[in-house]
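Visitor: got a predicted structure plus its sequence, pasted below:
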Amino acid sequence: MAVNVTVRDIVNFPGGTPKTVTVDIIQIVPVAGQPLEGDEIWISSSTTAATASGGGSIQSIFKNEMKRGFVRGKSIDPGLITIWATTGFKIAIDEAIGSGVDITLTVVTNALPSDIAVDLEAKIKAEAEVGGGGGKIGNLSYLNAQVRFENNKFQIESGSVANTFTGSGRSSVAIAAPDSGTDVRTALGLNIIDSSETLASRQISETTLATAYSSGDILEVSSTAGFTSGSAIVVKDGTNSQTVATSGVGVTDGLTASQIRFVTQSGVTTGLEVAYGTGTLVRQLHEVDVADPVSVVDTMDKLYRFQIDSIVNQVDFSA
């Protein structure tokens with residue numbers, strides 16, 4: 001059943017004509033043979049008869065995925081923030097950082113972080129607004145981007161929803177120091193970030209003991225591919241498990257290509273607490289060992305809201 005949503009621009013055109021966006025489940029696509037066993041794909045759509053600036057039509061949106069890329073900064077003091085002149089950072093949405101644009105924030109004294117988020121979102125959108133003179137005119141990834149300040153952290157979300165966080169066609173956000181001006185990322189806690197792209201790019205690295213371990217600080221393993229020095233690893237068989245930090249991996253650290261050197265957490269001994277046999281699991285640990293980060297769009301309600309926002313951002317409310 002279609003749902004008609006009435007939208008207005010009550011800030012710029014409070015007396016203007018309301019527009020309508022229609023949201024619907026338009027199609028169910030089977031992805032397996034007969035009989036179907038609950039593995040169909042539901043495709044939602046958002047359409048409007050309203051026009052964009054200059055009278056151009058607005059394309060309908062069709063979505064069956066909910067992966068929305070993001071960067072999220074570290075927690076900061078929720079107190080007031082001062083933004084000085086010519087401060088900002090470089091941002092790239094759904095593309096490599098080299099193709100991104102500099103964003104310069106509005107100069108302000110003692111502003112709430114939530115107000116900074118509003119200004120930052122407006123500056124990103126302005127890069128894509130038709131007639132705005134930005135570097136990403138008509139690019140919906142920028143036009144539909146959103147910035148939030150939640151749990152004392154700034155989060156910037158891509159203006160697209162895709163089926164991947166990485167590679168071609170991804171939904172992603174990347175930031176870096178600006179090409180010109182002063183870098184503001186530290187003041188906003190965005191100098192240390194988590195991003196959907198880097199989190200999704202993690203590969204869980206596993207190998208096994210090529211020879212039994214009895215003592216010492218070196219493991220002989222089947223492969224060191226994906227392992228790095230300075231990371232945490234767990235050595236685990238069916239009964240015992242111990243986590244240690246690596247201090248060398250492979251030939252670049254003066255070892256053979258199949259060796260991993262480690263240090264124990266206690267520092268009292270140089271070896272593992274028990275012996276481990278050939279075939280024992282050796283696994284490199286990450287902050288969270290999952291295939292994909294949790295998308296900021298994780299319910300149908302949020303997906304519909306995203307689609308409506310995407311269309312509303314294109315509507316010419318002056319007509």
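Guide: Alright, I've got the coordinates.
Visitor: now the helices: where do they sit in the stretch 1-150 of the chain?
Guide: Listed in chain order, the helices of the stretch 1-150 of the chain (DSSP state H, counting those that start in this stretch) span 113-126, 140-143.
Visitor: what's the burial count for residue 261?
Guide: Residues within reach of residue 261, counting by other Cβ atoms under 10 Å, total 19. From N, CA and C alone the C-beta is placed, and that goes for glycine too.
Visitor: ugh, wrong one, residue 315
Guide: Per other Cβ under 10 Å, the neighbour tally for residue 315 reads 20.
Visitor: what's near enough to touch the nearest residue to it once chain neighbours are set aside?
Guide: Excluding its sequence neighbours, the residue lying closest to residue 315 (Cβ to Cβ, 6 or more residues apart in numbering) is residue 50, at 4.7 Å. Listed by Cβ atoms under 8 Å, 6 or more residues apart in numbering, the contact partners of residue 50 are 19-21, 58, 311, 315-316, 319.
Visitor: how about 7 Å then?
Guide: By Cβ atoms under 7 Å, 6 or more residues apart in numbering, residue 50 lies in contact with 19, 58, 315.
Visitor: related to what we said a few turns ago, out of the helices of the stretch 1-150 of the chain, nearest to residue 217?
Guide: helix 113-126 (46.6 Å; Cβ to Cβ).
Visitor: any idea how far the residue nearest to residue 78 when sequence neighbours are not counted is from residue 124?
Guide: Once flanking residues are discounted, residue 78 sits nearest to residue 152: 5.1 Å by Cβ to Cβ, 6+ apart. Relative to residue 124, residue 152 is positioned 21 Å away (Cβ to Cβ, to the nearest Å).
Visitor: these two - which one has more neighbours?
Guide: The neighbour comparison of residue 152 against residue 124 (other Cβ under 10 Å) goes to residue 124, with 25 against 13.
Visitor: picking that back up, what's the residue nearest to residue 315 sitting at in phi/psi?
Guide: According to degrees, to the nearest 10, the main-chain angles of residue 50 amount to phi -70, psi 160.
Visitor: deepest-packed of the helices of the stretch 1-150 of the chain, please.
Guide: Neighbour counts (mean count of other Cβ atoms under 10 Å) averaged over each of the helices of the stretch 1-150 of the chain peak at helix 140-143, with a mean of 23.
Visitor: quick one: average pLDDT of that helix?
Guide: Confidence over helix 140-143 (mean pLDDT, whole number) is 95.
Visitor: who touches that helix?
Guide: The contact list for helix 140-143 (Cβ under 7 Å, 6+ apart) reads 93-94, 124-125, 127-129, 136, 158-160, 310, 313.
Visitor: just the CA atoms of that helix, as PDB, please.
Guide: Output in PDB follows, covering the C-alpha atoms of helix 140-143 (Å, rounded to 0.1, in the frame of the first residue of the first chain):
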ATOM      1  CA  LEU A 140      23.200  13.400  -4.500                       C
ATOM      2  CA  SER A 141      25.800  11.700  -2.300                       C
ATOM      3  CA  TYR A 142      26.700  15.200  -1.000                       C
ATOM      4  CA  LEU A 143      23.300  16.800  -1.400                       C
END
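Visitor: so residue 19 sits against residue 9, correct?
Guide: No. Residue 19 is beyond contact range of residue 9, at 8.8 Å (criterion: Cβ atoms under 7 Å).
Visitor: okay, and the common contacts of the two?
Guide: Counting by Cβ under 7 Å, 6+ apart, the residues touching both residue 19 and residue 9 are residue 317.
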